[in-house]
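Engineer: quick one, what's the 3D model for this:
(one chain, ligands or ions: 1)
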Amino acid sequence: MGDSLHDSGGRGHPARVQADVLPAPLRCVAVFCGSNFGSSPHYAEATRSLGRALGERGIGLVYGGTHMGLMGVLADAALEAGADVTGIINRRLHERGHLHARITRHEIVSDMRVRKARMGELADAFIALPGGLGTLEELFEAATLTQLGDHSGRAAKACGALNVGGFFDPMRALLDRAVAEGFMKSAHNDMIVMSPDPHQLLDALAGWQAPVVNKWITPSQGTGS
Ligand code: AMP
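Structural biologist: Below is the predicted model:
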């Protein structure tokens with residue numbers, strides 16, 4: 001499946017390439033966000049508006065399953081707006097009592113890696129809200145799998161970030177640097193959708209098409225821009 005999105009000089013399967021670059025219906029979105037609240041009330045406000053937007057659009061939420069920090073705020077808002085909410089939580093956090101008590105359903109899995117894989121299976125697209133290491137790692141893993149065309153079910157899935165108060169601007173700057181230094185192509189930087197507005201972000205993810213470019217940069221291409 002890994003080559004199916006790439007302009008691999010005739011090695012791919014045209015029908016599959018076609019299907020996997022077209023926009024996918026957004027039935028379920030995986031959201032990654034801080035298990036802390038952040039220092040400003042704006043983070044919780046923006047999290048609530050994303051949860052509400054999911055409910056209003058009839059889009060299911062899959063997330064880490066906890067009541068902690070922004071994750072709990074998101075689940076509460078999505079449930080209140082009528083969204084179907086699935087939590088995938090690992091055994092250790094479940095035993096510590098971190099499971100949100102009111103979500104629609106949950107699954108308990110062995111560890112964080114299995115948990116990410118399961119969230120990825122269920123999701124049509126991924127959104128990161130502000131958060132720390134866990135959030136950033138999850139967004140980058142989802143984007144990496146899209147870049148390689150290696151998600152389960154559908155080779156490439158849309159990835160985005162709700163750019164609350166410019167929180168993700170330094171991430172974009174770092175990725176711009178990676179492009180300028182020849183470590184990634186600009187198409188793979190641009191494919192991570194960013195917007196401060198939940199509805200605009202969901203619209204962009206719903207209309208998203210995977211870039212049909214190979215991940216690797218040959219020496220003759222220089223930088224990836
Ligand atoms: P962080 O940004 O470091 O707070 O980590 C948040 C991300 O890591 C979330 O998107 C979760 O998927 C995962 N995570 C961290 N803490 C928890 C927790 N208590 N329960 C479930 N998932 C968690």
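
Engineer: would you list every one of the helices in this protein?
Structural biologist: 14-21, 41-56, 69-80, 91-95, 112-122, 133-148, 169-180, 186-190, 198-206 (DSSP state H).

Engineer: what's the most buried one of those helices?
Structural biologist: helix 69-80 (a mean of 23; mean count of other Cβ atoms under 10 Å). Backbone N, C-alpha and C define where each C-beta goes, glycine included.

Engineer: look up how far residue 31 lies from the closest residue to the ligand within the chain.
Structural biologist: Residue nearest to the ligand within the chain: residue 134 (2.3 Å; Cβ to the nearest ligand atom). Distance, residue 134 to residue 31, using Cβ to Cβ, to the nearest Å: 12 Å.

Engineer: residue 57 too?
Structural biologist: Taking Cβ to Cβ, one finds residue 57 at 13 Å from residue 31.

Engineer: more crowded one of those two?
Structural biologist: Between residue 57 and residue 31, residue 31 has the larger neighbour count (other Cβ atoms under 10 Å), namely 27 against 16.

Engineer: show me what contacts that one?
Structural biologist: By Cβ atoms under 8 Å, 6 or more residues apart in numbering, the contact set of residue 31 is 50, 61-63, 74, 126-129.

Engineer: let me have those residues in a markdown table, extended by distance to residue 86.
Structural biologist: Below are the contacts of residue 31 laid out as a markdown table (distance: Cβ to Cβ, whole Å):
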| residue | distance to residue 86 |
| --- | --- |
| 50 | 16 |
| 61 | 7 |
| 62 | 5 |
| 63 | 8 |
| 74 | 13 |
| 126 | 14 |
| 127 | 15 |
| 128 | 18 |
| 129 | 17 |
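
Engineer: coming back round to it: mean pLDDT for the helices of the chain - can I get that in CSV?
Structural biologist: CSV is the format used below for the helices of the chain (pLDDT from 0 to 100):
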stretch, mean pLDDT
helix 14-21, 52
helix 41-56, 98
helix 69-80, 98
helix 91-95, 97
helix 112-122, 95
helix 133-148, 96
helix 169-180, 98
helix 186-190, 94
helix 198-206, 97
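
Engineer: quick one: closest of those to residue 101.
Structural biologist: helix 69-80 (10.0 Å; Cβ to Cβ).

Engineer: find the residue at the geometric middle of this structure.
Structural biologist: residue 126 (2.2 Å; Cα atoms, centre = their mean).
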